[in-house]
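Trainee: fold the following for me, if possible:
(2 chains)
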Number of protein chains: 2
Amino acid sequence: MSQRRQITGFSNPTVKFLRSLREKKHRRASGKFLAEGLRLLTDARASGHLPEMLIMASGREPHPLLGALEADVLAAGGEVLEMGPDLLSKVTGKDNPQAVAGVFAEFDTSLTTLDRSSAKIWLVAQALRDPGNLGTMLRTGDAVGAGGLILIDDCADPFSVEAVRASMGAVFTQRITQVRWDEFLPWLRGGPGQLVAASLRDAVPYRAASYAAPCFLLIGNESRGLPEHYEAACDLRVTMPMKGRADSLNAAVAAAVLAYEALAALG
Amino acid sequence: MSQRRQITGFSNPTVKFLRSLREKKHRRASGKFLAEGLRLLTDARASGHLPEMLIMASGREPHPLLGALEADVLAAGGEVLEMGPDLLSKVTGKDNPQAVAGVFAEFDTSLTTLDRSSAKIWLVAQALRDPGNLGTMLRTGDAVGAGGLILIDDCADPFSVEAVRASMGAVFTQRITQVRWDEFLPWLRGGPGQLVAASLRDAVPYRAASYAAPCFLLIGNESRGLPEHYEAACDLRVTMPMKGRADSLNAAVAAAVLAYEALAALG
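Mentor: As a prediction, the model looks like this:
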């Protein structure tokens, strides 16, 4: 039942619900997540994703993209909520009366619906703890034409506000899969697929390696890197030059340098 | 005068000073910045940078690296401050009694002391607003053997806690320069140097471009990219493939993909 509602009061249950979506346990319980910003919501719409709820300030200035979004949300049976700037900033965490936000249903992240043949490159993150890194990997994945991001072990939440923001809309275009290593590896070996580890150990220079599609690029935890037996299970271990004092790159940077190399090789 | 002091009480002036270093205006006024974490402080020491003050919890467990650091700080005439876990978490913003932090004098960031011939690659950031992106660029710069990071126009503060943390110690190894565009360009043209823009406009594919040392890789603001007349002033405009819906990469990612390409070309 589509509707437009005016929300007032900090104790309003809808306001409480919206604020709760900043926490993972509430996202999981409700199966919903928040995305913020007109650009992000417009990108989502262009990718076929409409929010179930659209949130904005009462008396906000009209904007053609926002008007189109409102119309689509209402037509699809969703809700448009208007609230005062104070309340809005409690929901969005930002002191910006032009802010808009949307509540989306989380996507299916099961392995069973992943079609490996739909792309030449896939990014795989193992125990990545920084939601900004996950979002940046989604954004890079979109840029290189990857199929999606596969999250192994205990990663940050790709539906967190920070990850969604850093993805710049790619959370709506990249397939996101969450799976345990001991489920992922048998699935991978059940079909074509080259598993490539970004490694600090004995490894081939990343520019001299032979990449093969579908190519799964595996990036390990920010502090510890990949567990040794995960690396050992890979078809290829590649390393990037490290000319300075440090022995590693930022995880999202390593993923991107490798993904662009694979793109150059696989086209 | 070297000393070891026990600090108690939230209103202690030293505690107030340390907390003030989370804000840019206080860093500028004092010329000091905070770096946190034993690993970061150890990296700093290995690069010849000792903190003027070393801060840790009273009764912290001994650690060989920390012991060596303490000895060096005291020998160099610095201070070692011990405080209760509550106070320490107020200073570091973290609830970790193992935390250590150091206060460092900011470095000379003037253009006049920059030696362009000391490296083949230099990263240049224009109006970058995210301190994490700056720190990540410093880290990447270290990895590709760049000489340093040149900050043009109104960038985030490279000495902020977030930038220092994201740099993973590279803030101590990479030369940092802050300069206006109208000072930078004449300086650049006063000697050898290729200025390369990461561009979305009419540009050469980044893998087909001819890079020349010293190569200055210019990355623009996260939202707006580079001003058009900055791009026009560059010797080369390069672009990276964008296969998806988005039209740009994360700024630190774009810098890294380009820097590794330049490294492959220039050795």
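Trainee: what sits up against stretch A:107-122?
Mentor: Under the contact criterion Cβ atoms under 8 Å, 6 or more residues apart in numbering or on different chains, stretch A:107-122 has outside partners A:141, A:144-151, A:175-179, A:183-184, A:187, A:191-193, A:213-217, A:259, A:262-263, A:266-267. Glycine gets a C-beta too; all of them are placed from N, C-alpha and C.
Trainee: just the buried members of those?
Mentor: For those, a burial check counting by 16 or more other Cβ atoms under 10 Å in any protein chain shown picks out A:141, A:144-151, A:175-179, A:184, A:187, A:193, A:213-217, A:259, A:262-263, A:266.
Trainee: just the ones of the residues you listed in strands?
Mentor: Mapping the buried ones among the contacts of stretch A:107-122 onto strands (DSSP state E) picks out A:148, A:149, A:150, A:151, A:175, A:176, A:177, A:178, A:179, A:215, A:216, A:217.
Trainee: dump the residues you listed to TSV, plus pLDDT.
Mentor: As requested, these are arranged in TSV below (pLDDT from 0 to 100):
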residue	pLDDT
A:148	98
A:149	98
A:150	98
A:151	98
A:175	96
A:176	97
A:177	97
A:178	96
A:179	97
A:215	98
A:216	98
A:217	98
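Trainee: pick out the most distant pair among the residues you listed.
Mentor: Greatest spatial distance among those (Cβ to Cβ): A:178 and A:215, at 20.4 Å.
Trainee: so which bits of the stretch 101-250 of chain A are right by chain B?
Mentor: With the criterion set to Cβ under 8 Å from any Cβ of the partner chain, the stretch 101-250 of chain A comes near chain B through A:132, A:136, A:139-145, A:166, A:168-170, A:173, A:207, A:240-246, A:248-250.
Trainee: mark which of the residues you listed are buried, thanks.
Mentor: Buried residues within these, counting neighbours by 16+ other Cβ under 10 Å: A:132, A:136, A:139-145, A:166, A:168-170, A:173, A:207, A:240, A:244-246, A:248-250.
Trainee: all strands of chain A, in order?
Mentor: Under the criterion DSSP E, chain A contains strands at A:3-7, A:32-36, A:53-57, A:79-83, A:100-105, A:121-126, A:148-152, A:175-179, A:194-198, A:204-205, A:215-219, A:236-239.
Trainee: quick one, the fifth one and strand A:79-83 angle?
Mentor: The directions of strand A:100-105 and strand A:79-83 differ by 140 degrees, with axes from the mean of the first three to the mean of the last three Cα atoms, to 10 degrees as the criterion.
Trainee: roughly how far out does strand A:100-105 sit from the chain middle?
Mentor: Distance, stretch centre to chain centre, for strand A:100-105: 15 Å (Cα atoms, centre = their mean, to the nearest Å).
Trainee: name the strands paired with that strand and say parallel or antiparallel.
Mentor: Strands that pair with strand A:100-105, judged by DSSP bridges, come out as strand A:32-36 (antiparallel), strand A:53-57 (antiparallel).
Trainee: which residues touch it?
Mentor: For strand A:100-105, contacts defined as Cβ under 8 Å, 6+ apart pick out A:18, A:21, A:31-38, A:41, A:44, A:49-56, A:60, A:66, A:91-92.
Trainee: could you redo the last one with a cut-off of 6 Å?
Mentor: A:32-36, A:38, A:41, A:51-56, A:92 (Cβ atoms under 6 Å, 6 or more residues apart in numbering or on different chains).
Trainee: could you flag which of these are buried?
Mentor: Buried members of the contacts of strand A:100-105, counted by 16+ other Cβ under 10 Å: A:32-36, A:38, A:41, A:51, A:53-56, A:92.
Trainee: could you identify the most distant pair in those?
Mentor: The most widely separated members of the buried ones among the contacts of strand A:100-105, counting by Cβ to Cβ, are A:32 and A:38 (19.6 Å).
Trainee: quick one: low-confidence parts of the stretch 151-267 of chain A?
Mentor: Scanning the stretch 151-267 of chain A for pLDDT under 70 picks out nothing.
Trainee: wait, what's in contact with residue A:227?
Mentor: For residue A:227, the contact set (Cβ under 6 Å, 6+ apart) is empty.
Trainee: ok, 10 Å please
Mentor: A:126, A:127, A:153, A:181, A:220, A:221, A:233 (Cβ atoms under 10 Å, 6 or more residues apart in numbering or on different chains).
Trainee: which one (most neighbours) among those?
Mentor: The residue in the contacts of residue A:227 with the most neighbours, by other Cβ atoms under 10 Å in any protein chain shown, is residue A:220 (25 neighbours).
Trainee: and for the residue nearest to that residue when sequence neighbours are not counted, the neighbour number?
Mentor: Among residues not flanking residue A:220 along the chain, residue A:226 sits closest, at 3.4 Å (Cβ to Cβ, 6 or more residues apart in numbering or on different chains). Counted with other Cβ under 10 Å, residues neighbouring residue A:226 total 23.
Trainee: my guess is residue A:226 contacts residue A:203. True?
Mentor: No - between residue A:226 and residue A:203 there is no contact under Cβ atoms under 10 Å: 11.1 Å.
Trainee: and the two most separated of the contacts of strand A:100-105?
Mentor: Greatest spacing in the contacts of strand A:100-105, by Cβ to Cβ: A:32 and A:38 (19.6 Å).
Trainee: what's near enough to touch residue A:31?
Mentor: A:104, A:105, A:106, A:107, A:159.
Trainee: which pLDDT does the model give it?
Mentor: Looking at residue A:31, its pLDDT is 96.
Trainee: how far away is it from residue A:115?
Mentor: Between residue A:31 and residue A:115 the computed distance is 23 Å (Cβ to Cβ, to the nearest Å).
Trainee: likewise for residue A:219?
Mentor: 22 Å.
Trainee: the more surrounded of the two?
Mentor: Neighbours of residue A:219 and residue A:115, each counted by other Cβ under 10 Å, are more numerous for residue A:219; the result is 29 against 10.
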